[in-house]
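K.L.:
I'd like to go over a predicted model; first the sequence, then the structure.
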There are 2 protein chains.
Amino acid sequence: MSSNSNVPSNKDLLAKIVDALPHTTPFKAPEAIEVELGRTFMLRLGANESNWGCSPLAQRAAEDIASHLFKYGDPQSVELRTLLSKKLNYSIDSILIGEGIDGLIGLIIRAFINPNDHVITTHGSYPTFNFHANGFGARLIEIPYAGDQIDLDGLLSAAIQYQAKLIYLANPDNPSGTAYDRHTIELFVAKIPEGCLLILDEAYADFMPNTQLAEIDVYTSRVIRLRTFSKAHGLAGARVGYALAHPNYIATFHKIRQHFGVNLAGQVLCAASLRDAAYIEQVTKEVAEGRAEYYQLAESLGLRAIPSSTNFVTIDVGSIEKSIWWVKRLAEEGVFIRRPGTGALSQCIRITVGTRPERALLAEIMRKIHAEG
Amino acid sequence: MSSNSNVPSNKDLLAKIVDALPHTTPFKAPEAIEVELGRTFMLRLGANESNWGCSPLAQRAAEDIASHLFKYGDPQSVELRTLLSKKLNYSIDSILIGEGIDGLIGLIIRAFINPNDHVITTHGSYPTFNFHANGFGARLIEIPYAGDQIDLDGLLSAAIQYQAKLIYLANPDNPSGTAYDRHTIELFVAKIPEGCLLILDEAYADFMPNTQLAEIDVYTSRVIRLRTFSKAHGLAGARVGYALAHPNYIATFHKIRQHFGVNLAGQVLCAASLRDAAYIEQVTKEVAEGRAEYYQLAESLGLRAIPSSTNFVTIDVGSIEKSIWWVKRLAEEGVFIRRPGTGALSQCIRITVGTRPERALLAEIMRKIHAEG
């Protein structure tokens, strides 16, 4: 690049926290992998998107959307919040719409973290929490998985030991796919120590039986729940998620959030999707069938699948080398999947549940690759 | 709200910078004003949206968009950046796509500002810069307008005096509508002191003659240029803007930005719009006609319009009281406009240029209101 002396070196100008950060990103995009491979993926099973697409109601809402896009979206997202309030029985002022769960995680960390405050997560769980925790100068304490599951006691002990401000827990978890039942979560929430808040990431909650979702009164709990339209609703590209939290916290987020950050199309399509509960039910039913197929496929290949409460299945392939090999070979065959990059699950591969024809094709390709290995 | 002792008071937990912030937002949404008024606006002329809508090419691109929205958008926005690179003759690695200029301003301030660093802006200019500067703990120095224009010398002197990290300059400016020609801007850029960066907000640049856009080599200049699809492209609801800057700075933004933050529909529609230069030319021509009509309308009412290089016209109505009255009376008649809330222009009202029928209706209503006053 330029060596012109007029240009200040980056280092002189940067905020200290940002200067100290490494040049890493949480995920490499499938589009970037395609460029490296010089080919397009035939099966996109690596980002836990819903390959069934979004509800017909959302599709219909999209037909005329272009003629409205000259307008900014409602910064208060009144329609979406009203629908969610009715559906979930949370008050409107305890609901915040944001630019996906990723955006909300960044916002929450910014709202609560002073540099060097401690935050607790699971080593190898969703990396975007770590990305933002590091990005705002938090000290990240990572607790190993207990087998295939989050070590809840370990998270709590660490929170007490380090006087942590935040605990991050994904339930169901990504990338393990495991989930705790409602009573375990409700008990965990009750134990969050004073001075600490739980970020409960429920991106995959739609794939759990409704009866297994924890009942949490945000008015009396130290919890911020996060949900998204990116998974079961099939609207990852819409970039809409939401937080459920004490209105005091929501009011705090308003002090710093991008008020016009949620795009209009996303707001309209997500509202339409919320009106089609039957579609989500159908998708999650098909996902459950697909998970069962993946379990059988893994078993037939002599591999252990971790029982999943999500729209993906994580399969233990025996070693880190093997998991890297599977990802590479599947990519060569046109299949995009991911592997947990670090922690106890890094000898696994993680495969999104696709549609029936996608699963048939995947099974064929995996059997072929397995025969080589 | 709850007085349950289990809930930590907000204050105990908040980041110091965020705790100290007031509960303010840069703008009240027209949707919120409608709720207060108990009626829907007939004319939406307050947010400088393009009431012509987006290009037919973007409309066509939107027809099938819902069937793609189950996918995350490309986090590298390769298609958009490639198109912009060709159009603007900037290298791809000097272009960053973000969630509108608002999102990019927040990102830039976060990247460069340590708490208590000084930043310089114009008192009464675009308030979202102030919102984010305060939000990251910067010390905001506000220089008054020089008449209807930004005081460029004042910005520079303050930057030197306070050893400021950032100067914010909108050219064309909002809410004055005034712009400096390319030579003045190029001279200003050359004078940005060492250790300081200029945020050059060119949201309204599409409304200037191309020959009047400053030529800036970001490889050798202390400048980050910001552009948007929210104005001339008629895609405010898509939430897509971009930064043009030295690749070192872009690389820094990658360390902290929301990598999957730009929604897929926005990326696709903005790319389509970029392919329709003729449409943008037609819109900006009609906007110029509309500005001329607004000047005449103001003159016929005995009011002074500030010559504008944007898609809005700011009109001096004589006093702060009068400007508040105009906004209120127009709202009662179903017309949404805004007034500059603070600074030298607060005795003005700011009206977006609408389509021909919208302008005719506005003129009729304003003449009626003026007859009362």
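P.N.:
Sure, I can see it.

K.L.:
going forward, measure contacts and count neighbours with C-alpha atoms only.
P.N.:
Will do.

K.L.:
in what helix or strand does residue A:119 lie?
P.N.:
Using DSSP states H and E, residue A:119 sits in strand A:118-122.

K.L.:
name the helices or strands packed onto that strand?
P.N.:
In terms of contacts (3 or more Cα pairs under 8 Å, 6 or more residues apart in numbering or on different chains; DSSP states H and E), strand A:118-122 is packed against strand A:139-143, helix A:152-161, strand A:166-170.

K.L.:
other residues contacting the longest one?
P.N.:
Right, the one you point to is helix A:152-161. Here helix A:152-161 makes contact (Cα atoms under 8 Å, 6 or more residues apart in numbering or on different chains) with A:119-122, A:141, A:143, A:164-167, A:188, A:191-193, A:196.

K.L.:
now, of those residues, which are buried?
P.N.:
A:119-122, A:141, A:143, A:164-167, A:192-193, A:196 (16 or more other Cα atoms under 10 Å in any protein chain shown).

K.L.:
average pLDDT for the strand holding residue A:119?
P.N.:
What strand A:118-122 shows for mean pLDDT is 98.

K.L.:
quick check, stretch A:129-146 touching chain B?
P.N.:
Yes. Counting by Cα under 8 Å from any Cα of the partner chain, chain B has neighbours in stretch A:129-146: A:131-132, A:135.

K.L.:
no, scratch that, I was asking about stretch A:253-270
P.N.:
Yes. Stretch A:253-270 reaches chain B (Cα under 8 Å from any Cα) through A:254-256, A:258-265.

K.L.:
pLDDT of that stretch, averaged?
P.N.:
Stretch A:253-270 shows a mean pLDDT of 96.

K.L.:
distance between the ends of it?
P.N.:
Distance between the boundary residues of stretch A:253-270 (Cα to Cα, to the nearest Å) amounts to 21 Å.

K.L.:
same deal with stretch A:161-172?
P.N.:
25 Å.

K.L.:
I'd like to know which elements the strand or helix carrying residue A:199 is packed against.
P.N.:
Assigning secondary structure by DSSP H and E places residue A:199 in strand A:197-201. Applying 3+ Cα pairs under 8 Å, 6+ apart, we find strand A:197-201 packed against strand A:166-170, strand A:223-228.

K.L.:
quick one: contacts for the residue nearest to residue A:110 when sequence neighbours are not counted?
P.N.:
Once flanking residues are discounted, residue A:110 sits nearest to residue A:136: 6.4 Å by Cα to Cα, 6 or more residues apart in numbering or on different chains. Counting by Cα under 8 Å, 6+ apart, residue A:136 makes contact with A:17-18, A:109-110, A:113-115.

K.L.:
return the subset of these lying in strands.
P.N.:
Among those, no residue falls in strands (DSSP state E).

K.L.:
out of these, the closest to residue B:81 would be?
P.N.:
Set against residue B:81, the nearest of these by Cα to Cα is residue A:18 (24.2 Å).

K.L.:
so how far is residue B:102 from that closest one?
P.N.:
Distance from residue A:18 to residue B:102, counting by Cα to Cα: 20 Å.

K.L.:
does any part of the longest helix anywhere in chain A sit near chain B?
P.N.:
Assignment by DSSP state H gives helix A:277-300 as the longest helix of chain A. No. Applying Cα under 8 Å from any Cα, one finds helix A:277-300 separated from chain B by no less than 12.6 Å.

K.L.:
run through the neighbouring helices and strands of that helix.
P.N.:
So helix A:277-300, by 3+ Cα pairs under 8 Å, 6+ apart, packs with strand A:304-306, strand A:312-316, helix A:356-372.

K.L.:
chain center to the last one: distance?
P.N.:
What that stands for is helix A:356-372. 26 Å (Cα atoms, centre = their mean, to the nearest Å).

K.L.:
wait, what's in contact with residue A:79?
P.N.:
Contact partners of residue A:79, counting by Cα under 8 Å, 6+ apart, are residue A:271.

K.L.:
is residue A:97 in a helix, a strand, or coil?
P.N.:
Three-state assignment for residue A:97 (DSSP: H, G, I helix; E, B strand; the rest coil): strand.

K.L.:
and residue A:85, by the same measure?
P.N.:
Going by three-state DSSP: residue A:85 is helix.

K.L.:
just checking, it touches residue A:96?
P.N.:
No. Applying Cα atoms under 8 Å as the test, residue A:85 and residue A:96 come out as separate, 10.7 Å apart.

K.L.:
I'd like the helices and strands packed on strand A:197-201 as a markdown table, with distance to residue B:333 and mean pLDDT appended.
P.N.:
Formatted as a markdown table, these follow (distance: least, Cα to Cα, whole Å; pLDDT from 0 to 100):
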| stretch | distance to residue B:333 | mean pLDDT |
| --- | --- | --- |
| strand A:166-170 | 49 | 98 |
| strand A:223-228 | 39 | 98 |
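
K.L.:
now the ones you listed as a markdown table including distance to residue A:54?
P.N.:
Formatted as a markdown table, these follow (distance: least, Cα to Cα, whole Å):
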| stretch | distance to residue A:54 |
| --- | --- |
| strand A:166-170 | 23 |
| strand A:223-228 | 13 |
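
K.L.:
using JSON lines, lay out the ones you listed together with distance to chain B.
P.N.:
Output for the helices and strands packed on strand A:197-201, formatted as JSON lines (distance: least, Cα to the nearest Cα, whole Å):
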{"stretch": "strand A:166-170", "distance to chain B": "10"}
{"stretch": "strand A:223-228", "distance to chain B": "10"}
